[in-house]
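Visitor: Predicted structure and sequence below. I'll ask about it afterward.
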Amino acid sequence: MKKHTLALAMTAALGFSTTALAGGAAQSIHVYKSPTCGCCEDWIDHLEENGFEVKATNSNNMGKIKAEAGLIPGLGSCHTAYVGDYVIEGHVPADDIKRLLSEAPQATGLSVPGMPAGSPGMEMGNRKDPYQVILFNNLGQTRVFAEYN
């Protein structure tokens, strides 16, 4: 996929301004994942349980998909998805994706770097590592969008 139009329109001076998102229809999300990744399947289940229509594509070349998505160093995880004009990297909670779509910031997308235990799809009993959901743009700027402790 090509860089997203919202990210291309952003300027450094505006950073992460927001605009209203019209409509409230169920969102379709396209997930790219390794064919052998179980946590990716669990994250897809989380999305479906939260009202997203999910299309999954297996890929043996996730590096290329991440590069095309405009991911900057340090933001990578195991799967990459597209929803609307946004990239979603890793185990981002469905509610944060819904908030992103509702607030419609001028950004490339959201990432949960790595694979923190306790994030959606990474449930490991009672273990819950603290993690952040990062909003990022094509200029390499980031900010914390949500925190889970």
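Guide: That came in fine, so what should we check first?
Visitor: Name the helix or strand of this structure that has the lowest mean pLDDT.
Guide: helix 5-9 (a mean of 31; mean pLDDT, DSSP states H and E).
Visitor: State which helix of the protein is the longest.
Guide: helix 38-49 (DSSP state H).
Visitor: picking that back up, quick one: name whatever helix or strand follows the least confident helix or strand of the chain.
Guide: Counting by DSSP states H and E, the next helix or strand C-terminal to helix 5-9 is strand 28-33.
Visitor: That following strand pairs with which strands, and in what direction?
Guide: Using DSSP bridges, strand 28-33 pairs in its sheet with strand 53-58 (parallel), strand 80-83 (antiparallel).
Visitor: can you pull the contacts of the residue nearest in space to the middle of the chain?
Guide: Taking C-alpha atoms, centre = their mean, the centroid of the chain lies closest to residue 88, which sits 1.7 Å from it. Residues counted as contacts of residue 88 (C-beta atoms under 8 Å, 6 or more residues apart in numbering) are 29, 80, 81, 82, 97, 109, 110, 111. Backbone N, C-alpha and C define where each C-beta goes, glycine included.
Visitor: could you redo the last one with a cut-off of 6 Å?
Guide: Counting by C-beta atoms under 6 Å, 6 or more residues apart in numbering, residue 88 touches 81, 97, 109, 110.
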